[in-house]
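Peer 1: please find the sequence and the predicted model below.
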Amino acid sequence: MPVYNIAFYVCVFFLVGVLIISIFSNVLMVALAAFLISVCLVVYKKYIFALLFLFVIVGAFYSQIFNKIQNSANVPFGASEFSGVIIKIAQGDTKQDII
Amino acid sequence: MQKPYSGRVKLIAQRYPSFAYGDLVKIKGNIQKPPPESENYYAKEGVLGIVGFPQIELIKSRQGNPVKEALLSFRNKIISIFKQVLPSEKAAFMAGLTIGAREDFSKELTENMKQSGTTHLVALSGYNISIIAIAVMAILGGFLSHQLSFYFATAIIVLFVLMTGAEASVVRAAIMGIIALLSTHAQRIYSLRNAIVIAAFLMILFNPNVLVFDVGFQLSFLALLGIVYLAPVIKNLFKIETPGFLGWKENLTQTLSAQLFVLPLLISVFGFFSLSSIFANILILGVVPLAMGLGFIMAGLGLISIFLAKMIGLIASIILSYMLFIIDLFSHLSLPIPILTGQVKSFGIIFAIGYYAILIWLIIKYKGNEERRI
């Protein structure tokens, strides 16, 4: 398989991993299922696709870690006082949405 | 937020006093978790909390990224040029077409575009990126080496994306545009299939939540897939071999294929799909590149002389009048699909899978026929 096709399939399987974890959210189950499929493909001597299926696991873990890091921020919920820099603003007729 | 806290929060504030990008502000308010029904939307934005109408005190301005501040200032300059050259509604529409600025849209225009199915015109996409890439390569290609022109074009596309707020459709188009430039530069074949997947991969690497929670991302890729893979099928089935007068046949196939690909998503998210959008788009799409091109020229000339920009503005005004007339007309001639406007507000997942399976089957079948024919 040419390198550009391998790169294409790596991206596709990674995207599938992110998609599945976004829907099912249990990363261990997704990883286990992808690993078992990969093992089955090895048995049938489809080595490249077996390897590619591991990128489903990479995608799932990447998505999970990304969200963990994002949610680990220290936000003072409840009544509080804080400061910050505005990075995005949308001004409507009656209000402003500020991030 | 600044130390000791971290993370992003959304403030819903009164309209005045106005704040701007880069303002350092002190907030007094109650940070709430996003409501469960919109949790995913906020996750996509990286927003962890919401504060409703807090006390906001400006501490210092210009604390953001200086490059982004300069780009936003340039964006505002372009909008002000349009306002000086064109009547208010046309200026707002032109700003939407060229740089995706929708803040000056009237409620009526926004609603008319929604009803006529033409909102996608102001979602920046391949059209805008193509015009920029072609213009930069043509202007710089005359006196710079091909390599330097390529670097400049790439840099300008990146700056354009940052200036316009990096919406999913323009980021997707920019990545694909840069890959197209790169392929020409490296004298390699441009594979649309690979470019689409790499664009999606890079965007998801940056933020995995966009895949499932960003409707703009989904609409942009689905419409593109429709145009790339389904449009040839439609052309083949209906024996469309020429673009037709002002490209109406081309516009018809592109609109139809894009609409067919995004249909389940439109129904699920917006609960609305109008058949008249196809006719509106056929009549409008032919003049969009011209309107955009004139808009970019007008903005460029306006930086030198408003008088020169007004000369171009006269022609642009006629085209914009036509476009706004079509949008207005088809917003009143909306032909909603009956079954999709009543109780049925969403496609079931099984129905959606079946729907896309049929489309994919059609595409595969057509491809086979074409190969056999060749």
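Peer 2: Thanks, I have the structure now. Residues are numbered from 1 along each chain as shown, chains lettered A, B, ... in the order given.

Peer 1: spatially central residue for chain B, please.
Peer 2: Among the residues of chain B, the one closest to the centroid is residue B:123, at 2.2 Å (Cα atoms, centre = their mean).

Peer 1: how far away is it from chain A?
Peer 2: 15 Å (Cβ to the nearest Cβ, to the nearest Å). Backbone N, C-alpha and C define where each C-beta goes, glycine included.

Peer 1: then residue B:21?
Peer 2: 6 Å.

Peer 1: so what's that residue up against?
Peer 2: A:86-89, B:64, B:68-69, B:72 (Cβ atoms under 8 Å, 6 or more residues apart in numbering or on different chains).

Peer 1: so it sits in a helix?
Peer 2: No - counting by DSSP: H, G, I helix; E, B strand; the rest coil, residue B:21 falls outside a helix, being coil.

Peer 1: list phi and psi for it.
Peer 2: Taking degrees, to the nearest 10, you get phi -60, psi 140 for the backbone angles of residue B:21.

Peer 1: so does stretch A:3-17 get close to chain B?
Peer 2: Yes - applying Cβ under 8 Å from any Cβ of the partner chain, one finds stretch A:3-17 touching chain B at A:4, A:7-8, A:11-12, A:14-15.

Peer 1: before we move on, the earlier item: which of the contacts of residue B:21 fall in strands?
Peer 2: residue A:89 (DSSP state E).

Peer 1: now the contacts of residue B:21 as JSON lines including pLDDT and neighbour count?
Peer 2: Conversion of those to JSON lines gives the following (pLDDT from 0 to 100; neighbours: other Cβ atoms under 10 Å in any protein chain shown):
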{"residue": "A:86", "pLDDT": "93", "neighbour count": "21"}
{"residue": "A:87", "pLDDT": "92", "neighbour count": "14"}
{"residue": "A:88", "pLDDT": "91", "neighbour count": "13"}
{"residue": "A:89", "pLDDT": "89", "neighbour count": "19"}
{"residue": "B:64", "pLDDT": "91", "neighbour count": "17"}
{"residue": "B:68", "pLDDT": "93", "neighbour count": "15"}
{"residue": "B:69", "pLDDT": "93", "neighbour count": "16"}
{"residue": "B:72", "pLDDT": "93", "neighbour count": "20"}
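
Peer 1: what about the stretch 51-200 of chain B, any weak spots by pLDDT?
Peer 2: Judged by pLDDT under 70, the stretch 51-200 of chain B has no weakly predicted residues.

Peer 1: that older thread, from the contacts of residue B:21, pick the one nearest residue B:184.
Peer 2: Nearest to residue B:184 out of these is residue B:68 (Cβ to Cβ; 29.1 Å).

Peer 1: quick one, what contacts the residue nearest the centre of chain A?
Peer 2: Central residue of chain A (Cα atoms, centre = their mean): residue A:63, 2.2 Å from the mean position. Contact analysis of residue A:63 by Cβ under 8 Å, 6+ apart lists A:17-18, A:21-22, B:208-209.

Peer 1: sheet-wise, list the partners of the helix or strand hosting residue A:83 with their directions.
Peer 2: Here residue A:83, judged by DSSP states H and E, is contained in strand A:78-85. Strand A:78-85 pairs in its sheet with strand B:24-32 (antiparallel), by DSSP bridges.

Peer 1: other residues contacting the partner strand?
Peer 2: Taking Cβ under 8 Å, 6+ apart as the rule, strand B:24-32 contacts A:75-86, B:2, B:9, B:11, B:19, B:49-61, B:63.

Peer 1: can you give me the buried ones in that strand?
Peer 2: B:24-25, B:27, B:29, B:31 (16 or more other Cβ atoms under 10 Å in any protein chain shown).

Peer 1: just the buried residues of the residues of stretch A:3-17 next to chain B.
Peer 2: A:8, A:11-12, A:14-15.

Peer 1: closest to residue B:156 among these?
Peer 2: The closest of these, once distances to residue B:156 are taken by Cβ to Cβ, is residue A:11, at 26.4 Å.

Peer 1: thinking again about what came up before, can I get the residues of stretch A:3-17 next to chain B in JSON lines with secondary structure?
Peer 2: Output for the residues of stretch A:3-17 next to chain B, formatted as JSON lines (three-state DSSP):
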{"residue": "A:4", "secondary structure": "helix"}
{"residue": "A:7", "secondary structure": "helix"}
{"residue": "A:8", "secondary structure": "helix"}
{"residue": "A:11", "secondary structure": "helix"}
{"residue": "A:12", "secondary structure": "helix"}
{"residue": "A:14", "secondary structure": "helix"}
{"residue": "A:15", "secondary structure": "helix"}
